[in-house]
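> Coordinates for the following, if possible.
(one chain, ligands or ions: 1)
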Amino acid sequence: MTEARPDPRRQQWSSGSYDTHARFVSDLATGVVDWLAPRAGERILDLGCGDGVITAELRDRGVDVVGVDASEDFIAAARARGLDARLMDGEDLRFGPEFDAVFSNAALHWMTQADAVVRGIARALKPGGRFVAEFGGHGNVAAIVTAMRAVCQRRGGDLALADPWYFPAPQVYQALLERHGFRVERIALIPRPVVLKTGIESWLAVFRQPFFAQFGAAADAALAETVELLRPALCDADGNWTADYVRLRVAAVKP
Ligand code: BEZ
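Numbers count the residues shown, from 1 in each chain. The predicted structure is shown next:
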């Protein structure tokens, strides 16, 4: 029997490099956790729990929390924190109506089958349950995507690898939720420039490694070219890089 090889087009996660280069993702979750307003004793699903840092915060507040993620490496890291963390595809959630809330931070933009995701969330919630999430909204990392598209066109690469994300506008996402029977209570697009303490190269390497890998021996040259295209827009005179993040934050109820 041959061992399955990871799909080179698919984003791979390493909990170690995520901790070094992307810890700001969970550090910036205070606002969406405030919207969730978790209460002790509630049963909450953390959809796309990553390495479980926020999941553990919820558990420490007395929540009966289940984390799911599609990355084996992240699930191992979350289990090492003593969490109930399960390997599951967010586009194919396997829960019945057992949760008081479904929560998600910085994960839904990786799940392009948004209709399937929202269907699974609706199914997982008890009547009266709430869905509270934050993820990339319309215009998120627009400069970064545009630079990668330019490099891709110059080098004859696959444009889909430059822009694999789902970044909806608020009215589009609200309409999707309403089609699945949700009542949207709050929804907001929030510009959120994020200073990248470890620079743009490591951001690109952590978040878009399949894009650069497609160029094989020229991967480093493609990365350097992308960095130089971005420098005027995202790097200040002191050499600090800022990513052009825009978040979509939403709170909705299943009647
Ligand atoms: C984000 O968290 O906004 C994000 C993550 C990965 C790629 C692009 C954006």
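> Any idea what the residue of the stretch 51-200 of the chain found nearest the ligand is bridged to?
Going by C-beta to the nearest ligand atom, the ligand is nearest to Gly136 of the stretch 51-200 of the chain, at 3.8 Å. The way it works is simple: take the backbone N, C-alpha and C, and place the C-beta from them, glycine included. In this entry, Gly136 is beta-bridged to Arg247, by DSSP bridges.
> contact partners of stretch 155-171?
9, 11, 108-112, 114, 136-141, 145, 148-149, 151-153, 176, 187-189, 208, 210-211, 214-215, 218, 222, 246, 248, 250 (C-beta atoms under 8 Å, 6 or more residues apart in numbering).
> what about the residue nearest to Ala233 when sequence neighbours are not counted, which helix or strand?
Nearest residue to Ala233, sequence neighbours excluded (C-beta to C-beta, 6 or more residues apart in numbering): Ala143, at 4.7 Å. Under the criterion of DSSP states H and E, Ala143 resides in helix 142-155.
> Leu177 now?
Going by DSSP H and E, Leu177 is part of helix 170-179.
> Just want the angle from the next helix or strand along the chain from that helix to helix 170-179.
Next helix or strand after helix 170-179 toward the C-terminus (DSSP H and E): strand 183-191. With axes from the mean of the first three to the mean of the last three C-alpha atoms, to 10 degrees applied, the angle from strand 183-191 to helix 170-179 works out at 160 degrees.
> CA-only coordinates of strand 183-191 in CSV, if you can.
Extracted in CSV, the C-alpha atoms of strand 183-191 (Å, rounded to 0.1, in the frame of the first residue of the first chain):
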residue,chain,number,x,y,z
ARG,A,183,-31.4,36.1,12.2
VAL,A,184,-28.4,38.4,12.0
GLU,A,185,-28.1,40.6,15.1
ARG,A,186,-24.8,42.4,14.3
ILE,A,187,-22.4,42.3,11.4
ALA,A,188,-19.5,44.7,10.7
LEU,A,189,-16.5,45.1,8.4
ILE,A,190,-13.5,46.1,10.5
PRO,A,191,-10.3,47.4,8.9
